[in-house]
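Peer 1: Predicted model and sequence follow; I will ask about them next.
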Amino acid sequence: FRVHGSAVYRGFLPALFSTLLLVIGVLGGGFDLADEDKIPIAHHPYAFQVLIAIFTFLITFRANFAYGRYWEGATAVHQMLSKWLDVGMNLAAYHMQSEQYEAIRPPTFGANQHLVNTTREREHALRDDNVIDYTKRLDDSLANVTGVSGGMMEYLRMRRKQQRVANSLNTLTGSPSLEFRKPITVKDRKKLRSSIPVPRQTNPRGAGPAEPSKNLQSVPKYDGGVEQEEPSLFLQEAAHLISLLAAVAMSTLRHDLEGTEAPLVEYQPGLPWPPVDPDRLSAEFRMQYHESNRTRLAFLSFLGFDRSDRHRTMYNAARPFRVLGGVSDEEIEMLQAARGPYAKVSLCTMWLQTFICQEYMAGSTGKVAPPILSRLYQFVSDGMLGYNQSRKIAQVPFPFPHAQLTIVYIAVVICIFPFLFYSYVTNLWLASFLNFGTVLCFVGLHEVARELEQPFRNAPNDIPLTTFQAQFNEALVTMYAGFHPDSWWEPPPSSGGDKSSWSRTHDSLPPPRAK
């Protein structure tokens, strides 16, 4: 249980005030619960039922539409990030077909169509652990998740460094190149077979008996076939521009002051996810947006007023969006000069599309056909559509007339309910309990609607954009992974053909380039 962002916590004070009206009225002599004929407030509850029915309709209508706005905002943000992530994944796949990777590109099944009656095999280590061993490995995995881990980026650097050392030793000793394999202690090893990559073919007439079935075994390369520890400059720049676009787009959804510096900092892969609740940040960060008069803030929040522009900007600055590759002073200055949220996001979009055009004309995307490359621009446009759907919710508030009417009825309910329970409940303590619970329920529903109708700014119940940005960055880091680790395979020992006809097998890979 927590009080920060709690509808029960915010509804406690109005419910307590309404209950105090009842207690003071009874103990002060204004109400006499023992004598029903002394001050008859209402002879029939029908008048109260009309009031409660109207208010219930108002509060339910607002809560329903507030939840719809919240869910639509979450859907639009996920659509935006999904489409922009497609841009990164497609750019990385196209870049791997460029001439830069010609020497290390794995063999293809299309270039070896003479393979028939061949089963594609992969090795999988099966563990036969007891409960104690499994619990220990589970604890180690959880420790890596909750701690500061390098993630995909650190994994690739470690693998490629070890692979480069192994290749260097093999070159000096003259021994054949050996792939680095992760040491695993197993009691049983079983091969999993799959015939999906190579379709079954029948021999033509007159070709003689069918060739015996052969196994096509992978030669795993855990470094993705890429020799350098650092990814190519193309992938680094592409990941940076896409990460910057997402960070700027989500930062504009939080209503920062116009003309202020965008809260953008460098992202380090492997850092823990940002907390969803800002109160879980360290005291050093929370002091940056500390409100000196919390009673005044709570009172203004009850009346429907939001944080001031200055306090909201400080609050958002303490939760910056992190960008792969960092953000330069020139980028910050140009983004600050762009007037309005649409201008800032459009500027980042133009940077990304210009980068795609330049690199395509320079050959960084290989021989991929232009109609296929045009999908990149479609993905960028689809992501902008998701952003504008999110911006619609952030920019257009819930209709003021309905919100104002709900606030007025909240005040009426707080003052009227004590008379209702005074008229029909003769026990003071029972009347106080029922009055407190009823007012708390109605005010709580009103607070729930207020929290959900602005899904990008009412922390901690807002959509966790900073957490989404961190997860989006980690997804972009997978652009550096290279080829599939099982893309390299050796020919079967009885392939019936010259081994030189095999395209770019593992044995034909050139030695690593000296740095």
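Peer 2: That came through fine. Numbering: from 1, shown residues only.
Peer 1: tell me the average confidence for stretch 450-467?
Peer 2: Averaging the model's pLDDT scores along stretch 450-467 yields 86.
Peer 1: May I have it as PDB, with CA atoms only?
Peer 2: Taking Å, rounded to 0.1, in the frame of the first residue of the first chain, the C-alpha atoms of stretch 450-467 are listed here in PDB:
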ATOM      1  CA  ARG A 450      -8.700  12.800 -12.700                       C
ATOM      2  CA  GLU A 451      -5.600  10.600 -12.600                       C
ATOM      3  CA  LEU A 452      -6.400   8.600 -15.700                       C
ATOM      4  CA  GLU A 453      -7.600  11.400 -18.000                       C
ATOM      5  CA  GLN A 454      -4.000  12.800 -18.300                       C
ATOM      6  CA  PRO A 455      -2.000   9.600 -18.900                       C
ATOM      7  CA  PHE A 456       1.300  11.400 -19.600                       C
ATOM      8  CA  ARG A 457       1.600  13.800 -16.700                       C
ATOM      9  CA  ASN A 458      -0.100  12.600 -13.500                       C
ATOM     10  CA  ALA A 459       2.700  10.700 -11.800                       C
ATOM     11  CA  PRO A 460       2.900   8.000 -10.500                       C
ATOM     12  CA  ASN A 461      -0.200   6.800 -12.200                       C
ATOM     13  CA  ASP A 462       1.000   8.100 -15.600                       C
ATOM     14  CA  ILE A 463       2.300   5.900 -18.400                       C
ATOM     15  CA  PRO A 464       6.000   5.200 -17.500                       C
ATOM     16  CA  LEU A 465       7.600   6.900 -20.500                       C
ATOM     17  CA  THR A 466      11.100   6.900 -19.100                       C
ATOM     18  CA  THR A 467      10.900   3.100 -18.600                       C
END
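Peer 1: now what about it, what contacts it?
Peer 2: Taking CB atoms under 8 Å, 6 or more residues apart in numbering as the criterion, the residues outside stretch 450-467 that touch it are 4-5, 7, 62-63, 65-67, 69-70, 73-74, 77, 250-251, 253-255, 273-279, 304, 306, 312, 315, 319-322, 390, 393-394, 397-398. For glycine as for every other residue, the C-beta is placed from the backbone atoms N, C-alpha and C.
Peer 1: Return the set of buried residues in it.
Peer 2: Along stretch 450-467, these residues count as buried under the neighbour rule (16 or more other CB atoms under 10 Å): 450-466.
Peer 1: Check stretch 359-372 too.
Peer 2: Under the neighbour-count criterion of 16+ other CB under 10 Å, stretch 359-372 has E359, Y360, S364, T365, G366 buried.
Peer 1: what about the stretch 251-400 of the chain, any weak spots by pLDDT?
Peer 2: For the stretch 251-400 of the chain, applying pLDDT under 70 flags the ranges 277-309.
Peer 1: Where do the strands of it begin and end?
Peer 2: In the stretch 251-400 of the chain, the strands defined using DSSP state E, counting those that start in this stretch lie at 264-267, 321-324.
Peer 1: Am I right that A449 is in a strand?
Peer 2: No: secondary structure of A449 (DSSP: H, G, I helix; E, B strand; the rest coil): helix, not part of a strand.
Peer 1: so what's it up against?
Peer 2: Applying CB under 8 Å, 6+ apart, the residues near A449 are I59, R62, A63, A66, T406.
Peer 1: For E102, state which of these is nearest.
Peer 2: Checking the contacts of A449 against E102 by CB to CB gives A66 as the nearest, at 56.2 Å.
Peer 1: how about the helices in the chain?
Peer 2: Along the chain, the segments classed as helices by DSSP state H run 7-27, 46-95, 131-146, 151-173, 233-251, 283-286, 294-302, 309-317, 329-337, 341-361, 370-395, 400-424, 428-452, 465-477.
Peer 1: can I get the ones you listed in a markdown table with distance to R122?
Peer 2: Supplementary listing: the helices of the chain in a markdown table, determined by distance: least, CB to CB, whole Å:
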| stretch | distance to R122 |
| --- | --- |
| helix 7-27 | 52 |
| helix 46-95 | 22 |
| helix 131-146 | 22 |
| helix 151-173 | 18 |
| helix 233-251 | 27 |
| helix 283-286 | 47 |
| helix 294-302 | 58 |
| helix 309-317 | 48 |
| helix 329-337 | 44 |
| helix 341-361 | 34 |
| helix 370-395 | 29 |
| helix 400-424 | 59 |
| helix 428-452 | 47 |
| helix 465-477 | 25 |
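Peer 1: I'd like to know which of those lies nearest to P106.
Peer 2: Comparing the helices of the chain by their distance to P106 (CB to CB), the top pick is helix 46-95, with 13.5 Å.
Peer 1: and the gap between V50 and R62?
Peer 2: When CB to CB, to the nearest Å is the yardstick, V50 and R62 sit 19 Å from each other.
Peer 1: you'd agree G73 is up against Y387?
Peer 2: No: applying CB atoms under 8 Å, one finds G73 not in contact with Y387, separated by 11.3 Å.
Peer 1: which ones are touching L245?
Peer 2: L245 makes contacts with W84, V345, C348, T349, W351, L352, G383, as judged by CB under 8 Å, 6+ apart.
Peer 1: Let me know how buried the closest residue to G363 other than its chain neighbours is, in neighbour terms.
Peer 2: Using CB to CB, 6 or more residues apart in numbering and skipping the chain neighbours, the partner closest in space to G363 is S98 (6.2 Å). Other residues near S98 number 19, with proximity taken as other CB atoms under 10 Å.
Peer 1: Got phi/psi on S98?
Peer 2: Note on S98: its backbone torsions stand at phi -80, psi 170 [degrees, to the nearest 10].
Peer 1: Of V50 and R62, give the one with the bigger neighbour count.
Peer 2: R62 (23 against 10).
Peer 1: Next one, pLDDT for that one please.
Peer 2: Confidence at R62, expressed as pLDDT, is 91.
Peer 1: State the distance from the residue nearest to it when sequence neighbours are not counted to V443.
Peer 2: Spatially, and ignoring its direct neighbours in sequence, R62 is nearest to A449 (4.4 Å; CB to CB, 6+ apart). When distance is defined by CB to CB, A449 is 11 Å away from V443.
Peer 1: Repeat that for K221.
Peer 2: Applying CB to CB, one obtains 62 Å for the distance of K221 from V443.
Peer 1: just P460 next, same as before
Peer 2: 19 Å.
Peer 1: neighbour-wise, which of G73 and Y387 wins?
Peer 2: Shown here are G73 and Y387; by other CB under 10 Å, Y387 has more neighbours (28 against 24).
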